[in-house]
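S.K.: What follows is a predicted protein model with its sequence.
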Amino acid sequence: MSKKKPSDKNGLVYSTDPNFRFEPEEQHNIETLAPDKQILRIRLDTKQRGGKAVTLVTGFVGQEADLETLGKLLKNFCGTGGSVKDGEAIIQGDQRDKVLLWLMKNGYNKTKKS
């Protein structure tokens, strides 16, 4: 086990300036758009996944927690696994038709399958 001190999460290591004051960056709270204003894209992807196909839902504008909720609902509806990374909901397998059906049913009318 490592006995090192936990690292500083702000990236600040040391300052020799005696008048230095750390000012945390402002966090921008992105408002989550309503479902009828979201422009989502659904596509099939196999890159860097060992030949396994996954369905990607991209283009979500909003908070990360809302994207996590959307990803969880899509995974439950499709009955498969997946995750949410880098602003994309990843659903295992070729689930494009099911995902499109669920999104249309739940008010995401500007969704396109590519």
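M.R.: The structure has been received and is ready for your questions.
S.K.: leaving aside the residues next to it on the chain, what's closest to the most centrally placed residue in the chain?
M.R.: Geometric centre of the chain, nearest residue: G87, 3.0 Å, by Cα atoms, centre = their mean. Leaving aside its sequence neighbours, G87 sits nearest to F60 (Cβ to Cβ, 6 or more residues apart in numbering; 6.5 Å). Backbone N, C-alpha and C define where each C-beta goes, glycine included.
S.K.: which residues does the one you found contact?
M.R.: Residues in contact with F60 (Cβ atoms under 8 Å, 6 or more residues apart in numbering) are Q38, L40, D66, L67, L70, G87, E88, A89.
S.K.: Now it: which helix or strand?
M.R.: Of the helices and strands defined by DSSP states H and E, none includes F60.
S.K.: Just to be sure, which of the contacts of F60 are found in helices?
M.R.: Residues of the contacts of F60 located in helices (DSSP state H): D66, L67, L70.
S.K.: could those residues be laid out in CSV, adding distance to D45, neighbour count and pLDDT?
M.R.: As requested, the ones in helices among the contacts of F60 are exported to CSV (distance: Cβ to Cβ, whole Å; neighbours: other Cβ atoms under 10 Å; pLDDT from 0 to 100):
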residue, distance to D45, neighbour count, pLDDT
D66, 22, 15, 95
L67, 17, 19, 95
L70, 18, 23, 96
